[in-house]
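>>> Provided below are the primary sequence and the corresponding predicted coordinates.
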Amino acid sequence: MHKTIFIALTMLFLVLSVVLSPDVALQASLSGITIWWNLVFPGLLPFFILYELVLAFGLLHGINAMLAPFVTRLLQLPRAAGIPLLMSMSCGFPTGVEPTIKLLEDGQLTKAQAQRLLAYIHLPNPIFIIVIIGAGVFQLPFYGYIILASVWLAALLLMLAHTRLSSRHDKTALKPSSSHMEPYFASAMQFGRELDGRTFGQVLGDSVYGSVQKLFIVGGFIIFASVLAAFIHPVFNAVMPQLPFLEQMLLEQHVGSFAIAEWASQQTNTVVALALIAACLGFTGISGILQVTYYTFRHRDIKLLPFVGYRLIHAALSFVLLIMLWKPLSWIIAKLTGAPEQTVFVQPPPQVSMLHWQSLWPASILLCLITGLLILTAHLLWRSYSHKV
């Protein structure tokens, strides 16, 4: 009852704000569309399509077979839980949420295990971090790699710590179940390919259609968050004027990351700005949390409050780890790539640009080629194995 009243009052406030200040709503909508159309859409579309091809041809099943010991022993989850985890690591949330709910409904996960897995798989899209934030916004992919390392390392540490604490209380946990596929890469990949069963033409068509649809949903969240942030900005700015991006950071990860990047261009401390972006991506915003509730609304036993608490801890740990890892990782990347060392804590960042196509597309195309080679290699391995058996 209280939740319904709160949502109704929020929507009423937003409608009245749009009616009374249409110019603010229009400018905020245009800002959100600019972010989505100029960077998010071209940066993520090729990878969404390639990801669907990877999933359809069984590559994730093959990788899952090799990572089974990590899932079953360290995370104390059934082997099948590795698929949602890999889906989220490769494409970001909420791709792994629906498979997790299906595993719960099929009895392969307990409710406690599903609650844990939902927290573990809520990860930002790595391509968004490397290509759009690193190469597109800051024009330095090096920044994207460090942010990604911080967010993933924080996620790994939290997984292990949370598993250790949860195992003491979850007395009804299922033992790691045996999978239908053999623990070999080629056999598992063949199983995943047969499980999908679609032809290449069907997979390609579905991939393009599904990827565009997902990106339009992402665009809707970006525009809605931009409009809402514009109207509540005066309140947040009065409370914390030192953080003019706070409302965007809390509402949506894309809008928040770009707001922090624009703020960083006027500051002198690059590391703090990148750490704030890592925290924003670790939290993923209220819109990211609401996307999870879309799939879990049928299961009343899955609680939202522990999930939100996990996201806050992940955000804080990502912030701390980026500051700790900045100097060693920047030194390592500089030695490997020959790039100038960016190891000074007080240093103005490069000029932020939302339309820097020259740095966005080369990084995007390079990562696409690497992903395509992985798909081709895995497909050849699968065909070679099929001919042998």
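Looks like it came in fine.

>>> Tell me the gap between the helix or strand containing residue 275 and the middle of its chain.
Using DSSP states H and E, residue 275 falls within helix 270-283. The chain centre lies 14 Å from the centre of helix 270-283; the measure is C-alpha atoms, centre = their mean, to the nearest Å.

>>> so after it, what's the next helix or strand?
Remark: after helix 270-283, the chain's next helix or strand is helix 285-296, criterion DSSP H and E.

>>> quick one: that following helix to helix 270-283, angle?
In terms of direction (axes from the mean of the first three to the mean of the last three C-alpha atoms, to 10 degrees), helix 285-296 departs from helix 270-283 by 20 degrees.

>>> For helix 285-296, which helices and strands make contact with it?
Judged by 3 or more C-beta pairs under 8 Å, 6 or more residues apart in numbering; DSSP states H and E, helix 285-296 is in contact with helix 97-105, helix 200-239, helix 246-251, helix 253-264, helix 304-337. The way it works is simple: take the backbone N, C-alpha and C, and place the C-beta from them, glycine included.

>>> So which of those helices is nearest residue 71?
Closest approach to residue 71 among the helices and strands packed on helix 285-296 (C-beta to C-beta): helix 97-105, 12.0 Å.

>>> export the helix or strand following the closest one as PDB, just CAs?
As assigned by DSSP H and E, the chain's next helix or strand after helix 97-105 is helix 111-120. Provided in PDB are the C-alpha atoms of helix 111-120 (Å, rounded to 0.1, in the frame of the first residue of the first chain):
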ATOM      1  CA  LYS A 111      15.400 -19.600  -3.200                       C
ATOM      2  CA  ALA A 112      18.500 -18.700  -1.100                       C
ATOM      3  CA  GLN A 113      20.800 -19.600  -4.000                       C
ATOM      4  CA  ALA A 114      18.700 -17.700  -6.500                       C
ATOM      5  CA  GLN A 115      18.900 -14.600  -4.200                       C
ATOM      6  CA  ARG A 116      22.700 -14.900  -4.100                       C
ATOM      7  CA  LEU A 117      23.100 -15.500  -7.800                       C
ATOM      8  CA  LEU A 118      20.900 -12.500  -8.600                       C
ATOM      9  CA  ALA A 119      23.300 -10.300  -6.600                       C
ATOM     10  CA  TYR A 120      26.400 -11.900  -8.200                       C
END
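
>>> so what secondary structure elements neighbour helix 111-120?
The elements that helix 111-120 packs onto, with contact taken as 3+ C-beta pairs under 8 Å, 6+ apart, are helix 82-91, helix 97-105, helix 141-167, helix 304-337.

>>> Among those, which comes closest to residue 227?
Of all the helices and strands packed on helix 111-120, helix 304-337 sits nearest to residue 227, with 23.0 Å by C-beta to C-beta.

>>> and that closest one, which residues are buried?
Neighbour-count burial for helix 304-337 flags 307, 310-311, 313-315, 317-319, 321-322, 325-326, 329-330, 333 (criterion: 16 or more other C-beta atoms under 10 Å).

>>> Pull out the buried positions in stretch 111-124.
Residues 112-124 are the ones in stretch 111-124 that count as buried (16+ other C-beta under 10 Å).

>>> how far is it from where the chain is centred?
On C-alpha atoms, centre = their mean, the centre of stretch 111-124 falls 13 Å from the chain's centre.

>>> swap in stretch 195-215?
With C-alpha atoms, centre = their mean, you get 21 Å for stretch 195-215.

>>> hang on, the earlier thing: the helices and strands packed on helix 285-296 into CSV, with extra columns for distance to residue 157 and mean pLDDT?
Formatted as CSV, the helices and strands packed on helix 285-296 follow (distance: least, C-beta to C-beta, whole Å; pLDDT from 0 to 100):
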stretch, distance to residue 157, mean pLDDT
helix 97-105, 21, 85
helix 200-239, 28, 84
helix 246-251, 22, 89
helix 253-264, 20, 87
helix 304-337, 7, 88
